[in-house]
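Asks: Dropping the sequence and predicted coords here.
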Amino acid sequence: MMWKYIPKSCIHVSAVSLKKTAADKRWLVRQLSDPYVKAAHFQNYRCRSAFKLIEMDDKYTILKPGFTVVDCGAAPGAWSQVAVQRVNSSGESTELPKGLVIGIDLLRIAPLDGAHFLSCHDITDPSTHTELERLLPEARADVILSDMAPNASGLRELDHEKLVTMCLSMLDLAEKVLHPGGSLVCKYWDGALAHKLRQRLSLMFQDVRTVKPKASRKESAELFFLARMFKKR
Ligand SMILES: C[S@@+](CC[C@H](N)C(=O)[O-])C[C@H]1O[C@@H](n2cnc3c(N)ncnc32)[C@H](O)[C@@H]1O
């Protein structure tokens, strides 16, 4: 199956064009030998990033049945798939409370049972915040996830700064909608401004830690902040 837009890291091998540059070939070799790519295929996840959230949730129990989750930068939808399973938002279990998953992305996201997607929405746009508040029960969420990433320019510092700016905007949203005691997971690329993000998170949450799941490639500058126990406004 082909999605309208697929980040390179999320493309399954079968979707790769046959006309390849040397860089494409290197990427393809890496994909073919990546156990998470294979596992994503066999477990029907939209991309390998699902395993980053699975790993973090298995360790820290961020997602519980009945929770309301906002997934920022949700396309193509693998984190939302994991969230749907773990908060029971498709109502698969009739014995557990039913949660809610709302995914937001600049790109179109293919429908997913149990998730409501705000495709073609920019998380940095205040009108997205307003629309989200309208959709959330009592305008509140238990968990905010962000695996957002800007289109990489290749200039490491510039990309780092762009992502930090997006994350800070996502934190404005978190301040408005998170329940006291709520949690947040936020992807960032390590760099000079990471401390700014951590400082802001430390003001908002009782517990902030940096996590690097095994499914996140060692050579990638990608790290995650896990922030728990949102303080009362
Ligand atoms: C690495 S992908 C997310 C993968 C997703 N977590 C999954 O598991 O399927 C990063 C996403 O962030 C989105 N993004 C980048 N800037 C954004 C913005 N300002 N608002 C919303 N989404 C954004 C991109 O369009 C892209 O789909």
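Replies: Structure received.
Asks: Does the ligand have contacts with the lengthiest strand in the chain?
Replies: Longest strand in the chain, counting residues (DSSP state E): strand 178-189. No - applying CB under 6 Å from any ligand atom, one finds strand 178-189 separated from the ligand by no less than 7.5 Å. For the C-beta atoms, the positions are set from N, CA and C on the backbone; glycine is no exception.
Asks: and for that strand, what are the contacting residues?
Replies: 53, 56, 62, 73, 140-149, 156, 159-160, 163-164, 167, 170-171, 174, 194, 197, 201, 205, 221-233 (CB atoms under 8 Å, 6 or more residues apart in numbering).
Asks: and A141, bridged to which residues?
Replies: In this entry, A141 is beta-bridged to L178, by DSSP bridges.
Asks: Report how many residues lie close to it.
Replies: Neighbourhood size, A141 [other CB atoms under 10 Å]: 29.
Asks: if I look at it, how far off is the ligand?
Replies: To the ligand, A141 is 16 Å away according to CB to the nearest ligand atom, to the nearest Å.
Asks: Kindly report the same for R140.
Replies: Counting by CB to the nearest ligand atom, the gap from R140 to the ligand is 21 Å.
Asks: wouldn't W79 be in contact with L145 here?
Replies: Yes - with contacts counted by CB atoms under 8 Å, W79 reaches L145, the gap being 5.7 Å.
Asks: Going through the contacts of strand 178-189, which ones are buried?
Replies: Buried members of the contacts of strand 178-189, scored by 16 or more other CB atoms under 10 Å, are 53, 56, 62, 73, 141-149, 159-160, 163-164, 167, 170-171, 174, 194, 197, 201, 205, 222-228, 230.
Asks: Per-residue pLDDT of the residue most central in space within the chain, please?
Replies: The C-alpha lying nearest the average C-alpha coordinate of the chain belongs to D147 (CA atoms, centre = their mean; 3.0 Å). On the pLDDT scale, D147 is placed at 98.
Asks: Pretty sure A50 is one of the things it touches, is it not?
Replies: No - using CB under 8 Å, D147 makes no contact with A50, being 10.2 Å away.
Asks: shared neighbours of the two, which are they?
Replies: With CB under 8 Å, 6+ apart as the test, D147 and A50 both reach W79.
Asks: Please see if stretch 31-51 touches the ligand.
Replies: Yes - counting by CB under 6 Å from any ligand atom, the ligand has neighbours in stretch 31-51: R46, C47, S49, A50.
Asks: Extract the C-alpha trace of that stretch and format it as CSV.
Replies: Provided in CSV are the C-alpha atoms of stretch 31-51 (Å, rounded to 0.1, in the frame of the first residue of the first chain):
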residue,chain,number,x,y,z
GLN,A,31,16.2,-1.0,5.5
LEU,A,32,16.6,-4.6,4.4
SER,A,33,18.8,-5.4,7.3
ASP,A,34,16.7,-3.5,9.9
PRO,A,35,14.8,-5.8,12.2
TYR,A,36,12.3,-3.0,13.1
VAL,A,37,11.4,-2.5,9.4
LYS,A,38,10.6,-6.2,9.1
ALA,A,39,8.7,-6.3,12.4
ALA,A,40,6.7,-3.3,11.4
HIS,A,41,5.7,-5.1,8.2
PHE,A,42,4.7,-8.3,9.9
GLN,A,43,2.8,-6.5,12.7
ASN,A,44,1.1,-4.2,10.3
TYR,A,45,2.5,-0.9,11.7
ARG,A,46,2.6,1.9,9.2
CYS,A,47,6.3,2.4,10.0
ARG,A,48,9.2,1.3,12.2
SER,A,49,8.8,4.3,14.5
ALA,A,50,5.9,2.4,16.2
PHE,A,51,8.6,0.4,18.2
